[in-house]
Each structure stands twice: as structure tokens, then as C-alpha cells.
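Enquirer: Structure here, sequence nowhere to be found:
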Ligand SMILES: Cc1ncc(COP(=O)(O)O)c(C=O)c1O
């Protein structure tokens, strides 16, 4: 486990999060239940914003709200002085509902609808990130009609694919996101955008991957991006005042991952800031405003999900299954891409693991698994099981598959717990049915 002062096992073998016993939360709020540790979210915001403002003051950290979006998270993000990135009208609407300053919001997406572009422009978002010719034509039309000039970033593909401990430099052009720098697509697109009167290019944006632990990935990314800024200056006499390097900082899910600490994230930020300053100087560029967009790293490890074990099933000489009262409707990541998780029994967390289990969800889908080959103490029906590092891309990817209810979210802090997302009801499920 990647324990910390707000997530640990006490001397009686009970899992504690935010000062509350996890099994007590399960009893009080029911299962399945998403639990978020507020202090950890705040610490993560602090480490990004404080390190970046010290190392590179001309900057903004934007929380990538696709990782987890609800009113309370936007309140916390705002209180910590971060901006946000949003990818839909729904995320923007949620942020706006708690008065999140729209001049600190960036609107992304590879196929924003006309309606989304209108929402973005009329709400005064800081940047729209352009990802297609179709979109820039649409945006220009929307802006001309309203007499608005919209600042934009251009999504480019710098030719680095980074994931976990590996990165590769590629000239790979097959991505639904961004314009390739290496084959000239990005340059052509920029020339086209420059012909638009009501769209103003402020800078470039890239996002090179997810679950990145290798600092070198960001170093190469900065080198390639600044090379391109230099080329734009030479070829088009274009000086872009902003650079957005996306997110992707890795978190601990299981023991194949690094047990990251706050210092590790500070280190990422320091290296990016240092590399950017050096490259800007060496290439004779004007120092740009720097944006980073961490999502998973801010919210991922802050979250755990609690389930009650129901059926257990042993297939002789093959497998021990334990079935939980949740599954791919609250966490589709295993079903989507075999994401690995660590699990524990909340009240038996100090007992010796004795058996290998596969944790199955309750959906009618054989791929509905949450974790495979987990060594645990003897598991009995009724035990409360915790899955760690579920804060990111779980609640935000949840669905009502099989007409299961999306679990509520409880926030814990200093021994107290409160709903930040209330439970869905069966009536919610049929509310829009005709
Ligand atoms: C454009 C952009 N920015 C930021 C992020 C956040 O990435 P992560 O949650 O890995 O930090 C993503 C994730 O897909 C993204 O697409």
C-alpha cells in the first residue's frame, strides 16, 4: 500500500481514511461507496501550485476535471487557486454552478459541438483548445456572430508516447488528438488559423500520455515543443506567449508502480520548469506562460471504493472468486484496459494473506472484474473490501449499466464524513424514461 498520515491501518488492523474507520463508513453510508480524502486532494493541489509558482511564476495549474467532477471538487480547486480544464458542457456547467471563475477554465476536446463552443465563448473561458479544421471554422463563425475574439491554443502531437516507465519518441501520426509536428500538419493548421480574424492563437498544447513516472518524457516533450516554437518564430515570425504541457503524472495503483510522494510531484514540476527555462534561453524564445494539467495525480490516490463481499466461489484447482456489490458500473477501468488495483479487507488489514482471489463485479458481463490474483486473508461474505487509488476516472466514468445505481461520494476529513454526491435513487433511473 502507499499509506500516508490520512490513510493507514491502525494497531487493530482497521483501515483508516481521513480519520474515519473505513468499515464504519460502509455501515453508515452503505456500499458500494466512493470515499475521498480531502486533505490529500488539498496537499496535491498545494504541491503543484506552490512548486510551480516558485519555480516558474508565469504559470497556472489547471486541474483536469475529467478525472473527477462534481461541485465540491470545483470548490476545493478554486479555494486552492488552480484553474480547470473541462471537456464538455456538463463539466463547465458543474463548475459554473459553484461560481468557478471561467477565465481560469480551458475547454478541450477533439470534437466540441457547436453548442459547446458557444457555451465556451459566451462564458469567457480562458482558452479553447483547437483540434480540427472543422472546429476552427465553426468557432470563427460563432465569434464573428457575437463580435467576440477568442483566445485559443492549438493541440499538437509532439511525437512522444509516454506511459508508465516507458516513453518512446515516434513520428506516429495516428492519434485522434492533435496535429503532428513532424509531418508538417501542425504548421499548416497554424497557418490556416492565422487567417481567422476572430480567433487568436495564444499558444500550443500537448498531452503526451498517462501514468508517467519517467521525468525524461517531459524533458523530451519540452525540447520538442520549444523546437517547434523556434520554427514558428523563424518561418512565420510568430511568437506564442503560452505553452500548455498537459498532465499525465503517474500514481500508485499496485506494486508495479512507484510509491509516489509529494516530493516526487514537486520534482516533476521542478524539472519541467528548469528544462523550459533552459530551452527558452538556448533557442532565443520569449519566456512563455506555462500551464500544467494534472488530473489523476490530484485526485487518484485520495479515493478508495468500499464494497461488501457477497458470493464467493471456488473453481477447484483454478480460481477463488469473491463477488462484490459493485463492479464495472462504478469502476470500468479493468474492463476497459485491464487496469490493475490493490485491494484489502478493511477490518482484517493486518492479517496474513493466505489465498489468491479474483474480485468480480456484479454485472452480467464476464469481463466485469475489478482485480485479479489478489493475495488476501480468508475472505467471508459480509467482509468490507477496499479498492485503493480509485479517485480518478472511476466516479467520472461510472454508468448505470444493468440499471445499477451510481454509488454516492463521501468526503472525509479529520474524523468526519459527509456526502459530496448523494446516492442515486431508483426514481432517478426512470426519471427521463417516457
Ligand atoms: C488534454 C489533457 N490534459 C490533462 C489530462 C489529465 O491527465 P492525467 O489525469 O493523467 O493527469 C488529460 C487526460 O486524458 C488530457 O487529455
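Expert: Yep, that arrived. Please read all numbers here as calculations on a predicted model, not as lab measurements. Residues are numbered from 1 along each chain as shown.

Enquirer: of all the residues in the stretch 51-200 of the chain, which ones are close to the ligand?
Expert: 64, 67, 85, 108 (Cβ under 6 Å from any ligand atom). Placement of C-beta: from N, CA and C, glycine included.

Enquirer: Just send the residues you listed back as CSV, with secondary structure too.
Expert: Shown next, in CSV, are these (DSSP: H, G, I helix; E, B strand; the rest coil):
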residue, secondary structure
64, strand
67, helix
85, strand
108, coil
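
Enquirer: who wins for neighbours among those?
Expert: When these are compared by neighbour count (other Cβ atoms under 10 Å), residue 85 ends up highest, at 29 neighbours.

Enquirer: hang on, that residue packs against residue 100?
Expert: No: counting by Cβ atoms under 8 Å, residue 85 stays clear of residue 100, with 11.8 Å between them.

Enquirer: thinking again about what came up before, closest one of the residues of the stretch 51-200 of the chain next to the ligand to the ligand?
Expert: Set against the ligand, the nearest of these by Cβ to the nearest ligand atom is residue 64 (3.5 Å).

Enquirer: Disregarding residues adjacent in the polypeptide, which is nearest to the closest one?
Expert: Taking Cβ to Cβ, 6 or more residues apart in numbering as the measure, residue 64 lies nearest to residue 295, with 3.0 Å between them; neighbours along the chain are not counted.

Enquirer: Pull the number of nearby residues for the one you found.
Expert: By the measure other Cβ under 10 Å, the count of residues near residue 295 is 26.

Enquirer: coming back round to it: hmm, which two among the residues of the stretch 51-200 of the chain next to the ligand are most spread apart?
Expert: Using Cβ to Cβ, the two most remote members of these are 67 and 108, lying 12.8 Å apart.

Enquirer: In stretch 351-366, which residues are buried?
Expert: Within stretch 351-366, the residues that qualify as buried are 357-363, counting by 16 or more other Cβ atoms under 10 Å.

Enquirer: ditto for stretch 268-276
Expert: By neighbour count, with 16+ other Cβ under 10 Å as the criterion, the buried positions of stretch 268-276 are 268-273, 275-276.

Enquirer: For the residues you listed, give me JSON lines that also has distance to the ligand and secondary structure.
Expert: Supplementary listing: these in JSON lines, determined by distance: Cβ to the nearest ligand atom, whole Å; DSSP: H, G, I helix; E, B strand; the rest coil:
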{"residue": "268", "distance to the ligand": "11", "secondary structure": "helix"}
{"residue": "269", "distance to the ligand": "13", "secondary structure": "helix"}
{"residue": "270", "distance to the ligand": "17", "secondary structure": "helix"}
{"residue": "271", "distance to the ligand": "16", "secondary structure": "helix"}
{"residue": "272", "distance to the ligand": "13", "secondary structure": "helix"}
{"residue": "273", "distance to the ligand": "17", "secondary structure": "helix"}
{"residue": "275", "distance to the ligand": "18", "secondary structure": "helix"}
{"residue": "276", "distance to the ligand": "17", "secondary structure": "helix"}
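
Enquirer: Pick out whichever of the residues you listed sits closest to residue 140.
Expert: When the buried residues of stretch 268-276 are compared for distance to residue 140 (Cβ to Cβ), residue 276 comes out closest, at 30.7 Å.

Enquirer: Contacts only, for the closest one.
Expert: Counting by Cβ atoms under 8 Å, 6 or more residues apart in numbering, residue 276 makes contact with 56, 222, 226, 243, 288, 290.

Enquirer: how near is it to residue 245?
Expert: When Cβ to Cβ, to the nearest Å is applied, the distance between residue 276 and residue 245 equals 8 Å.

Enquirer: Now for these two: what residues contact both?
Expert: Each of 222, 290 lies in contact with both residue 276 and residue 245 under the rule Cβ under 8 Å, 6+ apart.

Enquirer: Phi first, then psi, for residue 210.
Expert: As for residue 210, its main-chain torsions (degrees, to the nearest 10) stand at phi -140, psi 160.

Enquirer: Give me the below-cutoff pLDDT ranges for the stretch 201-350 of the chain.
Expert: In the predicted model of the stretch 201-350 of the chain, no residue satisfies pLDDT under 70.

Enquirer: how about 90 then?
Expert: For the stretch 201-350 of the chain, the stretches with pLDDT under 90 are 317, 337.

Enquirer: Enumerate the residues of it near the ligand.
Expert: 207, 210, 246-249, 293-297.

Enquirer: Going by proximity to the ligand, name the top residue of the stretch 101-250 of the chain.
Expert: Shortest the stretch 101-250 of the chain-to-the ligand distance, computed as Cβ to the nearest ligand atom: residue-wise this is residue 247, at 2.7 Å.

Enquirer: Quick one: residues contacting that residue.
Expert: If you count contacts by Cβ under 8 Å, 6+ apart, residue 247 has them with 64, 207, 210, 292-297.

Enquirer: Which members of the residues you listed occur in strands, if any?
Expert: With strands defined by DSSP state E, the entries of those inside them are 64, 210, 292.

Enquirer: My guess is the second one contacts residue 296. True?
Expert: Yes: with contact defined as Cβ under 8 Å, residue 210 reaches residue 296; the gap is 6.7 Å.

Enquirer: what about the stretch 51-200 of the chain, any weak spots by pLDDT?
Expert: By pLDDT under 90, the low-scoring segments of the stretch 51-200 of the chain are 159-178.

Enquirer: What are the boundaries of the helices in it?
Expert: Secondary structure of the stretch 51-200 of the chain (DSSP state H, counting those that start in this stretch): helices at 71-79, 89-97, 114-122, 133-146, 185-194.
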